[in-house]
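Asker: Need a 3D model of the sequence below.
(2 chains)
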Amino acid sequence: MKVRTRFAPSPTGYMHIGNLRTALYEYLIAKSQGGDFILRIEDTDQKRYVEGAVDIIYSTLKRVGMNWDEGPDIGGNYGPYVQSERRNIYAEYAHRLVELGGAHYCFCKNTEETADSDEDVPTESHVKLKDPCKHISLEDAQKRIAAGESYVVRQNINKKGTSVFHDVVYGDIEIDYDELDEGVLLKSDGLPTYNFANVIDDHLMEISHVVRGNEYISSTPKYNLIYEAFGWTPPIYVHVPPVMKDSQHKLSKRNGDASFQDLVAKGYLPEAILNYIALLGWNPGDDREIFSIQELKDIFSSERLNKSPAIFDITKLTWMNGCYIRNASAEDFAAMAAPYLKHITRPIDREMLCAVLQPRIETLAQISEQTDFMQDISDYPLDLYDNKKMKTDAEVSLRSLQLVVPVLQNAQDWNNESLFETLKTVAQENELKNGQILYPVRVALSGKATTPGGATELAVIFGKDETLRRLSLAIQKLNDRK
RNA sequence: GGUCCCAUCGUCUAAUGGUUAGGACAUCACCCUUUCACGGUGGCAAUAUGGGUUCGAGUCCCGUUGGGAUCACCA
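Answerer: Numbering: from 1, shown residues only, chains lettered A, B, ... in the order given. Got it, this is the predicted structure:
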């Protein structure tokens, strides 16, 4: 049997991290076994549809390298791949299911208000729906429909006893048929509910493995009843636990939690995000943690999927993002850093700047913070020159800077190595510690006590003219202090 | 509330019924060092709880506690 998995998001305008992880597992299950990964858009709830949401789904999957073999944009042999374009298919199967005895027509008024009214309060109203319409004869029902009466198709749960099904992650699950509700399969607007559409589509599209959140475990027996009524074989089920914000809340848009695109905007690399979420609920069985999507394809095994929820830890993602940044080539880093360096328009040595930045940041957004003094040096307090460890104060600093300026004016090679040697020599010749020369230079160049790179790297980044200009400014500032 | 599911360091997790319960992030200390990082070394830190089964339980069984899910013309 050919392995075929599907990612079936609703276009709600938001690529939730948990959804992305589910998509990843679907993709990996297919690709680790030479199967196909299918993209299907579940837009049967017109109230939730968000314009442009489908494009976010496309761009996100492409960005992380999860290419689909069939989908709305590229087609395939099992289309259409957008549920709203399949309404006739569902209607046809719904009517057939009624004839097969797996469902019935229901003419009851919309029960929304009653369903919403009792909030979280547990009551005996939570018993299996006893639908009076179930006893209407098929002929009568068909007459009423022909007469234009509004109706829904509702599932029949006639079985008694216990339903058992196997799940790859959770093992055998037993649920009593009495617990199952006779839910709506086809809504009065003619569109199916998820409960119906996913069964029809998964079967028609020959999906072999259904991967979804574990909140569907309890309704899975209902889906199996539909497969059974049609005489179809249910797929292999892979229910995965949720990704949590903390021990009691799922990661969600409502909580204002970060989406994939939010994280990218904050300077996280798509590859790092993907790598991190792969490990939220799955592990390779050894101690390795850094994986490209290619490597994941090679080693993924659904048997190593976890049963319990995992809390999304931004701190560990941040560390991993730092790994990806450090492991990038200088060229790649320069390319990803460029958008964050736009605020610097003066001529600087960007190669040196990137070289000092790359090992020092964990998210791209930190680039802006760390380079805020590069374009213009802002006013800074003089007590920055007081540094116990470096044994400097304003007095020492002034003298150091005055010693440094003429030497730098005569410097031949303006590169880090020779500048560093030069300044060390200045220190030795004047019986000063290296830090007593270098630290004041750093402060003079940056207006900060800590900077990416040291004094001489900054000098290289700025070039001779700007370096000397900032040093003179600092000397003036120190002279003016009294 | 009924039903289903889950439970190892703060977090992500590893451990054919036999390990000093391992790794990673975070944290702390030290080393390296022109600051800050990177890197290196080391420390702290877990089997929720009570019973069984067994020569031996993180691992199997039952109870308790805690948490999650579900009970929509949402998915």
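
Asker: What is the neighbour count of the nearest residue to residue A:253 once chain neighbours are set aside?
Answerer: Counting by C-beta to C-beta, 6 or more residues apart in numbering, the nearest residue to residue A:253 once its immediate chain neighbours are dropped is residue A:14, at 5.2 Å. (C-beta placed from N, C-alpha, C; glycine too.) Residue A:14 has 18 neighbouring residues, counting by other C-beta atoms under 10 Å.

Asker: same check, this time on residue A:324
Answerer: 21.

Asker: Please tell me how far it sits from residue A:276.
Answerer: 10 Å (C-beta to C-beta, to the nearest Å).

Asker: Those residues of the stretch 201-350 of chain A touching RNA strand B, which are they?
Answerer: The interface of the stretch 201-350 of chain A toward RNA strand B, taken as C-beta under 7 Å from any atom of the strand, is made up of A:214-219, A:242, A:244, A:247-250, A:279-281, A:283, A:285, A:287, A:289, A:304, A:306-311, A:313, A:315-316, A:319, A:322-323, A:326.

Asker: try it again with 6 Å
Answerer: A:215, A:217-219, A:242, A:247-248, A:250, A:279-281, A:283, A:287, A:289, A:306-308, A:310-311, A:313, A:315-316, A:319, A:326 (C-beta under 6 Å from any atom of the strand).

Asker: Over in chain A, which residue gets nearest RNA strand B? Let me know.
Answerer: Scanning chain A for proximity to RNA strand B using C-beta to the nearest atom of the strand identifies residue A:454 as nearest, at 2.3 Å.

Asker: quick one, what contacts that residue?
Answerer: Residues in contact with residue A:454 (C-beta atoms under 8 Å, 6 or more residues apart in numbering) are A:420, A:438, A:442.

Asker: likewise residue A:24?
Answerer: Applying C-beta under 8 Å, 6+ apart to residue A:24 gives the contacts A:64, A:66, A:274, A:277, A:278, A:296.

Asker: again, 10 Å this time
Answerer: Residue A:24 makes contact with A:7, A:61, A:64, A:66, A:211, A:274-275, A:277-278, A:280, A:282, A:293, A:296, A:300, according to C-beta atoms under 10 Å, 6 or more residues apart in numbering.

Asker: Residue A:87 now?
Answerer: Residue A:87 makes contacts with A:44, A:186, A:189, A:190, A:191, A:192, A:197, as judged by C-beta under 10 Å, 6+ apart.

Asker: beta partners for the second one?
Answerer: Right, residue A:186. residue A:153, residue A:192 (DSSP bridges).

Asker: Just confirm it contacts residue A:104, I think it does.
Answerer: No - distance between residue A:186 and residue A:104: 11.2 Å, which falls outside the contact criterion (C-beta atoms under 10 Å).

Asker: pLDDT-wise, which helix or strand of chain A ranks last?
Answerer: None of the helices or strands of chain A scores lower by mean pLDDT, DSSP states H and E than helix A:112-117, at a mean of 38.

Asker: what's downstream of that one, the next helix or strand?
Answerer: For helix A:112-117, the following helix or strand on the C-terminal side (DSSP states H and E) is helix A:138-146.

Asker: picking that back up, of the contacts of residue A:87, closest to residue A:469?
Answerer: Using C-beta to C-beta, residue A:44 is the member of the contacts of residue A:87 that lies nearest residue A:469, at 65.4 Å.

Asker: The most centrally placed residue in chain A: what's it in contact with?
Answerer: Centroid check for chain A by C-alpha atoms, centre = their mean gives residue A:260 as the closest residue, at 3.2 Å. Residues counted as contacts of residue A:260 (C-beta under 10 Å, 6+ apart) are A:14-17, A:19-20, A:56, A:59-61, A:63-64, A:268, A:270, A:273-274, A:277.

Asker: Please flag which of these sit within helices.
Answerer: A:17, A:19, A:20, A:56, A:59, A:60, A:61, A:63, A:270, A:273, A:274, A:277 (DSSP state H).
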